[in-house]
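> what's the 3D shape of this:
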Amino acid sequence: MSDTIIRVENLGKKYIIGHQQEGRSQYVALRDVIAEGAKSVVKRFTKPQESNSNREEFWALKDVSFEIKRGECVGIIGRNGAGKSTLLKILSRITEPTTGRISIKGRVASLLEVGTGFHPELTGRENIYLNGAILGMSRAEIKKKFDEIVAFAEVEKFLDTPVKHYSSGMYVRLAFAVAAHLEPEILVVDEVLAVGDAAFQKKCLGKMGDVATKEGRTVLFVSHNMATVQNLCSQCLYLNSGKIKEVNSTEFVINQYLVDISSESNKDSLAFRKDRQCSNKVKIVNFYILDDCREKQSVLQSGNNYTFVMEYENYCVEKIFDDVIGSIAITDNRNEITFLIRSNFTDQNFSINQQKGYIEAQVKDFNLTTGIYNTILFLSHRETEILDCISNACIIQVEAGDFFNTGSIGLPSHCKTLTRADWITK
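As a prediction, this is how the structure comes out:
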């Protein structure tokens, strides 16, 4: 018997988008609506060959195919509008596909939007039974799990209150508790968990991990939080403009996703980047890395020496910015800082008093392990005024080097930084 629990073949979802005619008033009278309707009917019969220029086809998903095995926890990532939520709605049978075929073995519990499947006039207690019934559970099955659901959701005090009075966080607590405890074969979770507080998010992620690893059920998880996806999911599916760009191990897919995001951001040079925190007094306009021969490097090796260079432009030449702090951070695919250099750490703050210039930071024995990283560039004046700050400034690729002078590359799967030590027995 096959372990495949979800099989998707050539899936597509098309929407028709309407556009307002140019020059048409935003507000129209009823007589105008009736007249336009009559005209459209006449045109339909007199000129059937003409297409409606005010309607456009939009494919939210196109030619999507993949398989998911029983017990897998799969992350689904992609930019806003990539088709992630549309895919989950189709898998949850909320909407029908336009093309393609889906085969699902087992019951699906979905948590896509706050309050989905809840009746606002019913109490929390009544909605637990309602949700369970929607998921295909018998009253006996729901009653058996009832106490666990209430305890997990931590809403016992408000159990007999209509859920229309619940906060969004309480909605999520109860909805997730029902979906996770009523034992569906497949649990589908969208970004909705971001509504809950940090403690409850951690609790939910732990429960989803148990659902997949200990209970052998399948989890589909959509999130923009790469650290969460990395911790929870072993496999990842990357959607881009409605199509699958990559299906592979989570680390591999997240690295590809981050490279694409950085490439998209860097279509404009740093000088023209809008997604920055800037005083418009001093701007970082370029960034690159040099080796010992002063040649620009696109791939770094651990153990080598490098010079990190930020080019700047000063738009307040008449003013001297003294005691300027320069900072370069390198982040991993979880967006966590793994490498940080700052001028004030070594009491080497500097002044900016010319129109254009270079800020260099020399790094000895570069100690990051193999991987794909991103950068954050930062300049501030006397720790009180941010001059410029750019996230996702540049992708850095690191390959294994002879950091230890022994040929060992360390353990990139266990740690991102390398450190030497002298080992002694006595």
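> for residue 371, give me its contacts.
Residues in contact with residue 371 (C-beta atoms under 8 Å, 6 or more residues apart in numbering) are 255, 332, 333, 397, 398, 412, 416. All C-beta atoms are positioned from the backbone trio N, CA, C, and that covers glycine.
> report the beta-bridge partners for it.
Counting by DSSP bridges, residue 371 is bridged to residue 398.
> tell me the pLDDT at it?
Residue-level confidence at residue 371 comes out at 86, pLDDT.
> coming back round to it: switch the contacts of residue 371 over to JSON lines; also include pLDDT.
Formatted as JSON lines, the contacts of residue 371 follow (pLDDT from 0 to 100):
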{"residue": "255", "pLDDT": "84"}
{"residue": "332", "pLDDT": "87"}
{"residue": "333", "pLDDT": "79"}
{"residue": "397", "pLDDT": "88"}
{"residue": "398", "pLDDT": "91"}
{"residue": "412", "pLDDT": "81"}
{"residue": "416", "pLDDT": "87"}
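> tell me the one of those residues nearest residue 66?
Closest approach to residue 66 among those (C-beta to C-beta): residue 255, at 19.3 Å.
> can you tell me the closest non-neighbouring residue to the closest one?
Excluding its sequence neighbours, the residue lying closest to residue 255 (C-beta to C-beta, 6 or more residues apart in numbering) is residue 372, at 4.1 Å.
> what about that neighbour, how many neighbours?
Around residue 372 sit 19 other residues, with neighbours defined as other C-beta atoms under 10 Å.
> please report the distance of it from residue 353.
37 Å (C-beta to C-beta, to the nearest Å).
> with residue 143 instead?
Here residue 143 is placed at a distance of 75 Å from residue 353 (C-beta to C-beta).
> just residue 214 next, same as before
Using C-beta to C-beta, one obtains 62 Å as the distance from residue 214 to residue 353.
> out of the two, which sits in the busier spot?
The residue with more neighbours, out of residue 214 and residue 353 and counting by other C-beta under 10 Å, is residue 353; that gives 15 against 9.
> that one - nearest residue in space that isn't next to it in sequence?
With sequence-adjacent residues excluded and distances taken as C-beta to C-beta, 6+ apart, residue 353 is closest to residue 320, at 4.4 Å.
> picking that back up, list only buried entries from the contacts of residue 371.
Neighbour counting with 16 or more other C-beta atoms under 10 Å marks 255, 332, 333, 398, 412, 416 as buried within the contacts of residue 371.
> looks like the fifth one contacts residue 369 (just checking).
Yes. Assessed by C-beta atoms under 8 Å, residue 412 is found in contact with residue 369 at 4.1 Å.
> which neighbours do the two share?
Taking C-beta under 8 Å, 6+ apart as the contact rule, the neighbours common to residue 412 and residue 369 are residue 400.
> how close does the most centrally placed residue in the chain sit to residue 290?
Among the residues of the chain, the smallest C-alpha distance to the mean C-alpha position (C-alpha atoms, centre = their mean) belongs to residue 224, namely 1.7 Å. Taking C-beta to C-beta as the measure, residue 224 falls 34 Å from residue 290.
> over to residue 11?
In this view, residue 11 and residue 290 are 48 Å apart by C-beta to C-beta.
> counting neighbours, go ahead and name the busier of these two.
Set residue 11 next to residue 290 and count neighbours by other C-beta under 10 Å: residue 11 wins out with 24 against 16.
> what is the more buried one paired to in the beta sheet?
residue 64.
> before we move on, what about the one 5 residues further on?
When bridges are assigned using DSSP bridges, the partners listed for residue 16 are residue 57.
> where do the strands sit along the stretch 151-300 of the chain?
If you assign secondary structure with DSSP state E, counting those that start in this stretch, the strands in the stretch 151-300 of the chain sit at 186-189, 218-222, 235-240, 243-249, 276-278, 282-290, 299-301.
> now render these as a markdown table, adding distance to residue 341 and mean pLDDT.
Shown next, in a markdown table, are the strands of the stretch 151-300 of the chain (distance: least, C-beta to C-beta, whole Å; pLDDT from 0 to 100):
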| stretch | distance to residue 341 | mean pLDDT |
| --- | --- | --- |
| strand 186-189 | 38 | 87 |
| strand 218-222 | 35 | 90 |
| strand 235-240 | 31 | 93 |
| strand 243-249 | 31 | 92 |
| strand 276-278 | 19 | 90 |
| strand 282-290 | 12 | 94 |
| strand 299-301 | 14 | 92 |
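> looking at those, spot the one closest to residue 421.
Distances from residue 421 to each of the strands of the stretch 151-300 of the chain were compared by C-beta to C-beta, and the smallest falls on strand 299-301, at 20.9 Å.
> break this protein into its domains for me.
As assigned by automatic domain parsing, the chain contains the domains 59-263, 270-399.
> which of those domains sits most buried?
Mean neighbour counts were compared across the domains of the chain using mean count of other C-beta atoms under 10 Å; the top stretch is domain 59-263, at a mean of 18.
> out of the strands of the stretch 151-300 of the chain, nearest to residue 129?
Closest approach to residue 129 among the strands of the stretch 151-300 of the chain (C-beta to C-beta): strand 186-189, 19.3 Å.
> alright, calling it a day.
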